[in-house]
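Undergrad: after the sequence you'll find the predicted model.
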Amino acid sequence: MSERAAYPQEETGPESGATVLAGRGLHRTFGSGATEVHALAGVDIEVPAGRLTVVRGPSGSGKTTLLNLLGGLDRPTSGEVLLDDGRVLSGLPEKDVLAVRRERIGYVFQSFGLVPVLSAAENVEVPLRLQRVPAGERSTRVAEALELVGLARHAGQRPYELSGGQQQRVGIARALVSRPDILIADEPTGQLDSETAATVMDLLVELTHEQGIASVVATHDPILMGRADQVVELHDGRRVGTTA
């Protein structure tokens, strides 16, 4: 990771330790009648700036559902997702939710989610194109993001030319290129071998603390749990414990 460099900070941002994102009484139900499933049942959670929050639990416990609600990818059946600016994310019109997702939230997926025909740099650039950032600024910010994750020399390579760990680092760069203050990652090391997973985990922890990002990560990985600032445990859609 010797290529890593400091990433430009925004002049203002959430104070470290301040709650940036919160869930209050989150319920999410799928189906109805005999097929009704309670994926979440009254979950409360706070995600502070500059802290790594890990959500753990067995398969089917509601981890992905919770992340989808926090990230504005889904809406709760009841309860609220709150932003630090006082807005209720889960109650905003869809166009406003989309704006929050583009401007404030970065996503990292287990399956990497890269476009095969695009280079690493082009994949990282996608969020900036959606935001209609001018070309010159896009180039600068893409270069900065790839430098940050140690992939500056791989900018022109396509996903099939990169290892799994490198692909996930491209995914992290893409999540960070918009300079979000919230990072949401669903099993980001789930498809990686243990050594590569450790490298990606180190990167996530360092970036969270160094950049003051409010990070929430769903994982089964005990090593990442051990490096979290808080661990939220779910079971059958309910929060059963927290470890700070």
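TA: That came through, no problem. Please read all numbers here as calculations on a predicted model, not as lab measurements.
Undergrad: can you give me the helices in this protein?
TA: 63-70, 94-104, 120-130, 135-148, 164-176, 194-211, 222-226 (DSSP state H).
Undergrad: any idea which of these gets closest to residue 158?
TA: Among those, the nearest to residue 158 by Cβ to Cβ is helix 120-130 (7.5 Å). Any C-beta I mention is one placed from the backbone N, CA and C, and that applies to glycine too.
Undergrad: hey, C-alpha coordinates of that closest one in PDB?
TA: Provided in PDB are the C-alpha atoms of helix 120-130 (Å, rounded to 0.1, in the frame of the first residue of the first chain):
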ATOM      1  CA  ALA A 120     -10.500   1.300 -13.200                       C
ATOM      2  CA  ALA A 121     -10.400   5.100 -13.700                       C
ATOM      3  CA  GLU A 122     -13.600   5.100 -15.700                       C
ATOM      4  CA  ASN A 123     -15.400   3.000 -13.100                       C
ATOM      5  CA  VAL A 124     -14.300   5.400 -10.400                       C
ATOM      6  CA  GLU A 125     -15.500   8.400 -12.500                       C
ATOM      7  CA  VAL A 126     -19.100   7.200 -12.800                       C
ATOM      8  CA  PRO A 127     -20.400   8.900  -9.700                       C
ATOM      9  CA  LEU A 128     -18.900  12.200 -10.800                       C
ATOM     10  CA  ARG A 129     -20.500  11.900 -14.200                       C
ATOM     11  CA  LEU A 130     -23.800  11.400 -12.600                       C
END
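Undergrad: and that helix, what's its mean pLDDT?
TA: Helix 120-130 comes out with an average pLDDT of 95.
Undergrad: mind listing what's buried in that helix?
TA: With burial defined by 16 or more other Cβ atoms under 10 Å, the residues of helix 120-130 counted as buried are 120, 121, 122, 123, 124, 125, 127, 128.
Undergrad: which residues touch the residue most central in space within the chain?
TA: Taking Cα atoms, centre = their mean, the centroid of the chain lies closest to residue 184, which sits 1.7 Å from it. Taking Cβ atoms under 8 Å, 6 or more residues apart in numbering as the criterion, residue 184 is in contact with 67, 70, 71, 105, 106, 107, 108, 215, 216, 217.
Undergrad: who wins for neighbours among those residues?
TA: residue 216 (30 neighbours; other Cβ atoms under 10 Å).
Undergrad: who touches stretch 64-82?
TA: Contacting residues not belonging to stretch 64-82 are listed as 21-29, 39-40, 42-43, 45, 47, 55, 88-91, 97, 100-101, 105, 107, 182, 184, 186, 216, 218, 234, 237 [Cβ under 8 Å, 6+ apart].
Undergrad: run the last query once more with 7 Å
TA: Outside stretch 64-82, the residues that touch it by Cβ atoms under 7 Å, 6 or more residues apart in numbering are 21-29, 39-40, 43, 55, 88-91, 97, 100-101, 105, 107, 184, 186, 216, 218, 234.
Undergrad: out of these, which are buried?
TA: 21-24, 26-28, 39-40, 43, 55, 89-90, 97, 100-101, 105, 107, 184, 186, 216, 218, 234.
Undergrad: check contacts around residue 44.
TA: By Cβ under 7 Å, 6+ apart, the contact set of residue 44 is 23, 24, 25, 239.
Undergrad: among the contacts of residue 184, find the lowest-pLDDT one for me.
TA: Across the set of the contacts of residue 184, residue 108 stands lowest in pLDDT, at 89.
Undergrad: that one contacts residue 175, correct?
TA: Yes: between residue 108 and residue 175 there is a contact at 5.0 Å, judged by Cβ atoms under 7 Å.
Undergrad: overlap of the contact sets of the two?
TA: By Cβ under 7 Å, 6+ apart, residue 108 and residue 175 have these common neighbours: residue 183.
Undergrad: on that earlier part again, so which of the contacts of residue 44 are in strands?
TA: 23, 24, 25, 239 (DSSP state E).
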